[in-house]
Structure formats: structure tokens, C-alpha cells
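[1] sequence plus predicted model, see below.
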Amino acid sequence: MAVDRRKFLKVAGISALFGLGGKTAIDIFAPGQLEASMKNEVPLVTKEKKWAMVIDMRKCLEQQDKEKCKSCMLACHREHNVPEFGNIKEEIKWIWQETYEHVFPGQHNEFIDEGVNHKPFLALCNHCENPPCCRVCPTKSTWKREDGIVMMDPHRCIGCRFCMAACPFGSRSFNWSDPRKAPKDLNPDFPTNVNYPTRTKGVVEKCNFCAERLAKGQVPACVEACEKIKVHALDFGDLNDPDSEVRELLHKRYSIRRKAQLGTEPKVYYLI
Amino acid sequence: MYDGGKIIPGLIIGLILFLSPFIYNAGKAGKAPVPELTAKAKEAKECVAPKAYMTAWHMQLLDNWRHEVVRDGKRYFDTNEDLWWDYSLDYRLLESWRRLTTAGDDRAPGKPGKIYYKSLQATCMDCHSNKSKFCDQCHDYLGVAPYCWECHVEPKENN
């Protein structure tokens, strides 16, 4: 039987008396039931969800001015065993920084606000509604899930790099060499996450909106890292839910998207 | 036969040369290795499926898992429902299922089973953390080289 709300409250109440909490408490009072009920509560891949990210660039740039913050990038790359080659030709990017005029090439002008000009903007896979990468993939190795996440299945990737040519955002990286052979001095404890695979030579990789973390009910690693340093520049949520935080932010603040004129409908929004 | 004195010994020498690897290795057959269980695996008593199934079909199970996890986002494995589905994919498995159920195994679709997180690295290798003794020695003996480990991180072994 699953743990319903009533039972959960009972268990939580009793265990609070004994100073217990969380999963341990349920394991003691109702062994084996939590995992069974968790199965139904984890967000399943459904059309009802439409995951998106909102990046508050004011907060992010403020933090950039204070210290050259790289928390989100470090967290992501550690979480997903992304190696550092120290060589721009072999660079693997999931989330990275690029100057304003490179992230928004159509929007730059000579007299633009100094607050954004040449400033580092975050870039990652936009998980487009009309992803051109998926249209060109000959093996369906990359495809759009029902919840809008553009997934990558490295088991199937043949390394043709059509997707890299198709992506207008440069969000995809090719493994020119075995990531495990990346220089040891730059990657001292690689692979950093033993519960996540590395990739192999000859496959393409990119941000997966932390699909593996969403399945456990966690937010993406970059968002978590930003919360941890109390900057809260990154927000992740469901666009289909009118009460979600991302919808609220988009309603209140003016937002832009990268190369929206191409019609790929990016789902990463920048609050300016 | 002309030159029979040369041809026949030649044929015999040729045949001996051809068979020499077999003659050389006769009686020296390597013993089939037996996978070793870690203390944790022994304590758990049972894997995600019966032992006979896991021995013969673990590669199909893992293949199903990777497909379901990556492509369908189904990351949890129910030892009854999902195993039944895996069994039903093949008539030979259906046979062994019948044998299991008649032998008093209480697994059946519909009953609540145990839930596992489908992950080679986080679930399988958590119990079977002795990859060299559990996976490799049989794979080496049979001459199979699964390329799982080109990407999936193998557990660190203390030896």
C-alpha cells in the first residue's frame, strides 16, 4: 500500500516526537512502503509538463561583478562528468559563459547599455519546442521528449554531427577523444560522479536539463548550485503550470530568448 | 600413386601441424569461473530477478533498462510487473516462468513487488561492486567484451 497523506502525517507526527525525520522515519514505521509510493509521485514524462528555465541576468551579473562566479557550471560539469581538456577545439560544454554580443548577436548595437555590453551571459541547450537538431538526427539519437526536454541517447549516437550543424546555439559538443583521457592535471578526480556515466570518443553530448535529477524530484544541478550560494538567478519550472515560479517571473519581468526569430522556440528565458 | 612416399608423410605432417594447437592444449581446459558475490549481494539474497534468469538473460534485462530509462524515462523497476513483461518477450522465458510459478515462486503480475532504481552504476554495481570477480572473469572466459564500461563508470575495487 502506498503512503498517503494521512498516513504520512501520522508517521511524521509520531517520528517528530522521537526526533526522527524524513526517509528514516518512514523506513522505521512503514518499511518498504516509501519506495513503492515514490514510484507514482516522481514526475513522469508527460505532455502536461513543459520544462523551462528562467535566468535572471541582473542577479547573475551582480554576482559576476562581485566575484567571477562559476558555481552553476562547476556543479553541472561535476554532476555529469564533463571533462576539461584545456583546449578550445576539444571543449565540451553543457552550460557555459559567452559575452552578450555573442549570445544575442542580433540585439547588439554600438551604444548599448554598458551594464550588458561584453558581459558574460550564461548559455546552455535551449530545449527548443521545434528542435532542429532532432529533425536532422539520422538515428533518432536525439529527440524531444513529451515534457519538452531535448534528450540525447549516446547509446545510439553515431557521431555524424548533423545535430551540431543544425543547432543555431552551439549547444552541442563532440567528443573528439576519450573523455577519460582528458589531462589528469585539469581533471584530478575524474569521473566526479560515480552514479553518472561518462561519454565515449565519437559521440555528441549536451545539457539534458538534468532529466535524471528531475526523475527523482530534484531541480537541475545548476539551479541547485545557484540556490546554494543564495543568488537565485536560475529558476526552473513547468511552463504549463500557470502558478509556477517561472510563469510568474515571465509575467512580471521583460524576457528575451536567443535567436527567437529562427522559430525554434527556445525554452531558456533571460530576464534583462 | 607417384611419389606416395613423399605425399603421405607430407600429409601426415601437415595434419599434425594443423592439429598441433588442439594437441598442445588437450586436457588443459580452463575451469569455468563462478561469479563471486560480495557480502552485500549475499545479504540481499536475491537480485532483481531469479538467479537463473539473471545468469542467462542479464544482458537483455540491461538492454531493456537502458532503453526504458533513456528513451521512455521509466526509471523504476517493479520486480513483479516489469519482470513479467521482460519474461513475456520470449517464449523460452515464458516456459521458465511457468516452471518457476509451479515450483512455488510467489511472483505474479499484479502483486506488489519490490521497486528498484534502474541503473547499472547506481544499483547493479552497488551490490556487485567486485566487477573483476563478478563480471569480468566470466566475460573473459567466454571471450565477450561488453562496451558498457567505455562510458559507464566501474566501481573502485579494493584489492
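    Looks like it came in fine. Numbers count the residues shown, from 1 in each chain, chains lettered A, B, ... in the order given.

[2] any buried residues in stretch A:256-272, and which?
    By 16 or more other CB atoms under 10 Å in any protein chain shown, the buried positions in stretch A:256-272 come out as A:R257, A:R258, A:K259, A:T264, A:P266, A:K267, A:V268, A:Y269, A:Y270, A:L271, A:I272. Every residue, glycine included, has its C-beta placed from N, CA and C.

[3] can I get those residues in CSV including secondary structure and pLDDT?
    Putting the buried residues of stretch A:256-272 into CSV (DSSP: H, G, I helix; E, B strand; the rest coil; pLDDT from 0 to 100) gives the following:
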residue, secondary structure, pLDDT
A:R257, coil, 96
A:R258, coil, 96
A:K259, coil, 95
A:T264, coil, 96
A:P266, coil, 97
A:K267, coil, 97
A:V268, strand, 97
A:Y269, strand, 97
A:Y270, strand, 96
A:L271, strand, 95
A:I272, coil, 89
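
[4] tell me the one of those residues nearest chain B?
    Nearest to chain B among the buried residues of stretch A:256-272: A:K267, at 17.4 Å, using CB to the nearest CB.

[5] which residue packs closest to the closest one, ignoring adjacent ones?
    Leaving aside its sequence neighbours, A:K267 sits nearest to A:A52 (CB to CB, 6 or more residues apart in numbering or on different chains; 4.1 Å).

[6] what residues does whichever strand or helix holds that neighbour touch?
    Using DSSP states H and E, A:A52 maps to strand A:51-56. By CB atoms under 8 Å, 6 or more residues apart in numbering or on different chains, the list of residues contacting strand A:51-56 from outside reads A:122, A:124, A:127, A:147-149, A:209, A:214, A:220, A:223, A:232-239, A:245-246, A:249-250, A:253, A:255, A:267-271.

[7] using CSV, write out every CA atom in it.
    What follows is strand A:51-56, C-alpha atoms only, in CSV (Å, rounded to 0.1, in the frame of the first residue of the first chain):
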residue,chain,number,x,y,z
TRP,A,51,10.1,22.3,-18.6
ALA,A,52,11.8,25.7,-18.9
MET,A,53,14.5,27.8,-17.4
VAL,A,54,14.5,31.4,-16.5
ILE,A,55,17.8,33.1,-16.0
ASP,A,56,17.7,36.4,-14.1
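
[8] now, among the buried residues of stretch A:256-272, which is nearest to B:T123?
    A:K267 (31.0 Å; CB to CB).

[9] need the contact list for A:Q107.
    Going by CB under 8 Å, 6+ apart, the list of residues near A:Q107 reads A:I256.

[10] confidence score at the closest residue to A:K89 other than its chain neighbours?
    Spatial nearest neighbour of A:K89, chain neighbours left out: A:W176 (7.3 Å); criterion: CB to CB, 6+ apart. Looking at A:W176, its pLDDT reads 96.

[11] what's the longest helix in chain B?
    In chain B, assigned by DSSP state H, the helix with the most residues is helix B:4-25.

[12] how about it: buried residues?
    Quick answer for helix B:4-25: no buried residues (16+ other CB under 10 Å).

[13] okay, that helix in CSV with CA atoms only?
    The C-alpha trace of helix B:4-25 is given here as CSV (Å, rounded to 0.1, in the frame of the first residue of the first chain):
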residue,chain,number,x,y,z
GLY,B,4,53.4,-41.6,-52.5
GLY,B,5,56.4,-41.9,-50.2
LYS,B,6,56.7,-38.1,-50.1
ILE,B,7,53.0,-37.2,-50.3
ILE,B,8,51.6,-39.4,-47.5
PRO,B,9,54.2,-38.4,-44.8
GLY,B,10,53.8,-34.8,-46.0
LEU,B,11,50.0,-35.0,-45.5
ILE,B,12,50.5,-36.6,-42.1
ILE,B,13,53.0,-33.8,-41.1
GLY,B,14,50.6,-31.2,-42.4
LEU,B,15,47.7,-32.7,-40.5
ILE,B,16,49.8,-32.8,-37.3
LEU,B,17,50.8,-29.2,-37.8
PHE,B,18,47.2,-28.3,-38.4
LEU,B,19,46.0,-30.1,-35.2
SER,B,20,49.0,-29.0,-33.1
PRO,B,21,47.1,-26.3,-31.2
PHE,B,22,44.5,-28.8,-30.2
ILE,B,23,47.1,-31.5,-29.3
TYR,B,24,49.1,-29.0,-27.3
ASN,B,25,46.1,-27.8,-25.3
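
[14] C-terminal to it, what's the next element?
    helix B:39-44.

[15] what's that following helix packed up against?
    Counting contacts by 3 or more CB pairs under 8 Å, 6 or more residues apart in numbering or on different chains; DSSP states H and E, helix B:39-44 is packed against helix B:125-127.

[16] do whichever helix or strand comes after the helix it packs on and chain A meet?
    As assigned by DSSP H and E, the chain's next helix or strand after helix B:125-127 is helix B:131. No: shown here: helix B:131 not in contact with chain A (CB under 8 Å from any CB of the partner chain), separated by at least 12.5 Å.
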